[in-house]
Every structure is written in C-alpha cells, then in structure tokens.
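J.: no FASTA, just this:
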C-alpha cells in the first residue's frame, strides 16, 4: 500500500505536498471570507478566481517547455516560494485592513502565473523519483492525500482557524504550509535532468510537444473526450451540487457540507484503491469504465428524492471519478518520454482547466432555463456515452504490451 513511500525523495514530495494541500483547504475558506469582506457580494471572489485562472491558462503551453528544459524540482520550489510570498502579502494586508479589490486581483494573478509552472512540473517529476512499477501506487497515494487534505480536513481546519483567529491568520497558516513544502522540495535529491546536445527555439519545442500529442491517438482522444465530459458533467457540480441541495431538495447548510464531505470521502476511497492495487493491465478500459459509472451515478443523482440519497450518489460518483483520474496520471508518466512529459502534461492541464469554466457557466445558465435536475441528468448521460471512446481504434494501444506480456 505504501511501497512508493520507501523512496526517500518521493516521501519528501508526498509529505510536502500533503502539508501544502492542507494549507490550500484553509486558504479556500480564508479567501472566500476575505473577498466577501471587501464588497459583501460574490463579485470579488469570482473575479479573484478568474484572475488566478486566466494567466495560468495563457502560460500553460509555454510553461510546459520550461518544465522540460529546467530541473522540475527547482521549478516547483520557485512556484511554492512565489505563492508563499503572495499569501504572506495577503496576510499582511488583511491584518492591516488594507486588502482591497485591486490588490486581491493582482495577487491572484501572480498566483496563477506560479500555478502554470507548478502543475505540469508536479506531474512530470514523479517518474524521476519512482520506478515505472511504482507509479500507480505513488499517484494513488498523492490523489488520496489530495482528497483527505484539500477536500476534507483542510476546509474544516480553515473554518476553525478563520472563525477563531480571523482570515489574516488563515492566510498566514497557508504561507507556513508553503514554507514547509519548500523545505521538503529543497531536500529532494532526485535525478539529474537529461542533457540535451542542442536546444532548439521555444516555438520549435512547443511544436514538438503538440505534434507528439497529435501523433498518439490514445493520448489526444482520451484527453479531449475526458475534458469535454469533465466540463459538461463534473466541473459544473461546483454550481449544480449546491443548487440541488439548497433549491431543489430544500436542504440546509449542514446538509450541503455533508454532501461535499461525502464527495471527498468517495474520492479518498477511489484513490486508495489505485494506491493499494495499482493499475490493472487494461488500464485504459478500466479508466473509461470508471468514468462511465461515475457519469451513471451523476445521472441517477438527478432523480434523488432526498439529500441523503443525493449524498450517497455523490459518494459513489466520486469513487469512480477519482479512481479513473488516479489511473490517468501514471498512464501518461509511463507512456510519454521523460523529455516531453512537461509539455504533454501542460497540454493535458490546458484542456482540463480551459474547458471547465465554460462548462460551469453553461451549466449554470442552462439550469436557470431547463432546471437543475435536467442539467445534471444530461451531463451524466453524456459521460456514460463518452465511455464508448474505448472502441475508437488506437485508444487502447497502451494496453497492448501489458496484456501481451
């Protein structure tokens, strides 16, 4: 179950990121309350999230090239130090009652710039720290940690810290977790980056990454279809879920919290299954079956007659969703050459994050027109149908060597 943690460097990565993810959960609560404290409407929070997301999306392709040029550990370290400095600035401004709309937007934008480098680097560094056979276990543990910290314990701790000590202390706590993560990254030895005889221009390297994705059908078809399904069914749950609980099922704030916790618990189980049993030989097939079952649970959730039933559906949905996600990362790490992994990871992140905001806005608009249940049912049904992608020639190519072997 914990085989990958026997690697000193991966254990340091795991501990550092787990601590940082707890801080992310605290930050989520502190940011929401600080933003509401500026103008008492959702406007500031929405703009802050957009200000963080937009620079990240713009830079992701470029950052993938940098991740393949420079040591990934140092890129992650620089990103953590930058984000830690920004959240420390947020704490200082909040303590001095000087946090306003413009400063929050500017700091959020810097966060997004750092995120653009951190995400592809965090995916690309794992194969440098673990052998191929341990990738599924390592990614499963990282996914489990994310569910346990950022989705469950982090927000709960954030609510406690902010309610007792204030939003400034919440930001200060998050800055401390970035510092702890930075120390762990600094202690990692890792493998030295492979030497390249000649470095081409940035545009040529970017084109090389795009051409690699285009030339591997299993990669671009899976990434594209999964991103569309995510945008239609799963990302909109940030809007559709609360609407379902509060407006349709007439639940309370406590009910909504329990439903969200059920989703985090389901995701934890899905990730732990991969961490315990690894990737099956037919990993692409298993991944799409899991995502289709997740879509089926989403479809059935639309017909929930009570909050309890809806919570169970969300729990089951998230088990299969995160199980599939936990299979996808080691698949990319196993199949993509290390010297291209940063660029390929950045393209994957761009597809996933680029379509998600569109899906959220579209789902919210459609819910107002045709109803919350209808939007949820349609999204789930489309995700079930998306599972037929496994019958497209070439999509299951990564399974051939493993099954034949």
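T.: Now that the structure is in, tell me what you want to look at. Computed from a prediction, not measured in an experiment: that's the story for all the values here.

J.: Now stretch 100-115: buried residues?
T.: Using 16 or more other CB atoms under 10 Å as the test for burial, stretch 100-115 gives 104, 107-115. The way it works is simple: take the backbone N, C-alpha and C, and place the C-beta from them, glycine included.

J.: how close does residue 98 get to residue 37?
T.: For residue 98, the distance to residue 37 (CB to CB, to the nearest Å) stands at 12 Å.

J.: returning to that earlier point: so which of the buried residues of stretch 100-115 are in helices?
T.: 104, 107-115 (DSSP state H).

J.: before we move on, back to that, want to throw the buried residues of stretch 100-115 into TSV with distance to residue 29 and pLDDT?
T.: Formatted as TSV, the buried residues of stretch 100-115 follow (distance: CB to CB, whole Å; pLDDT from 0 to 100):
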residue	distance to residue 29	pLDDT
104	15	91
107	17	94
108	16	90
109	21	92
110	21	94
111	16	91
112	20	89
113	23	93
114	21	94
115	19	93
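
J.: Residue 168 contacts residue 95, doesn't it?
T.: Yes - look at residue 168 against residue 95 with CB atoms under 8 Å: they come within range, at 4.3 Å.

J.: Whichever strand or helix holds residue 51: what's the following helix or strand?
T.: Following DSSP states H and E, one finds residue 51 within helix 43-69. Next helix or strand after helix 43-69 toward the C-terminus (DSSP H and E): helix 72-95.

J.: Now find how far off-centre stretch 213-228 is within its chain.
T.: Remark: stretch 213-228 is offset 18 Å from the chain centroid, using CA atoms, centre = their mean, to the nearest Å.

J.: buried stuff in that stretch?
T.: Buried residues in stretch 213-228 (16+ other CB under 10 Å): 213, 216, 218-223, 225-228.

J.: just stretch 305-324 next, same as before
T.: Quick answer for stretch 305-324 (16+ other CB under 10 Å): 307, 310-324.

J.: Repeat that for stretch 159-170.
T.: Applying 16+ other CB under 10 Å to stretch 159-170 flags 159, 161-162, 166-170 as buried.

J.: taking those one by one, which sit in helices?
T.: Using DSSP H, the buried residues of stretch 159-170 in helices are 159, 161-162, 167-170.

J.: In terms of pLDDT, where does residue 101 sit?
T.: Looking at residue 101, its pLDDT is 89.

J.: now swap in residue 309 and tell me
T.: Reading off the model, residue 309 has pLDDT 95.

J.: how near is it to residue 255?
T.: For residue 309 relative to residue 255 (CB to CB), the value is 12 Å.

J.: what touches both of the two?
T.: Common contact partners of residue 309 and residue 255 (CB atoms under 8 Å, 6 or more residues apart in numbering): none.

J.: Please name the nearest non-neighbouring residue to residue 175.
T.: Once flanking residues are discounted, residue 175 sits nearest to residue 88: 4.2 Å by CB to CB, 6 or more residues apart in numbering.

J.: close enough to count as contact, that neighbour and residue 168?
T.: No - Residue 88 is not in contact with residue 168 according to CB under 8 Å; the separation is 10.6 Å.

J.: Could you list the low-confidence segments of the stretch 151-300 of the chain?
T.: 190-200, 253, 257 (pLDDT under 70).

J.: Next up, the contacts around residue 224.
T.: residue 351.

J.: For it, what is the enclosing helix or strand?
T.: helix 217-229.

J.: tell me which residues of the longest helix along the chain are tucked away?
T.: Longest helix of the chain, by residue count under DSSP H: helix 8-39. Using 16+ other CB under 10 Å as the test for burial, helix 8-39 gives 9-35, 38.

J.: now do stretch 380-392
T.: Per 16+ other CB under 10 Å, stretch 380-392 contains these buried residues: 380-384, 386-387, 389-390.

J.: unless I'm mixing things up, residue 256 is touching residue 246, no?
T.: Yes - the criterion here is CB under 8 Å, and residue 256 meets it with residue 246 at 6.5 Å.

J.: Out of the buried residues of stretch 305-324, list just those in strands.
T.: Per DSSP state E, strands hold no members of the buried residues of stretch 305-324.
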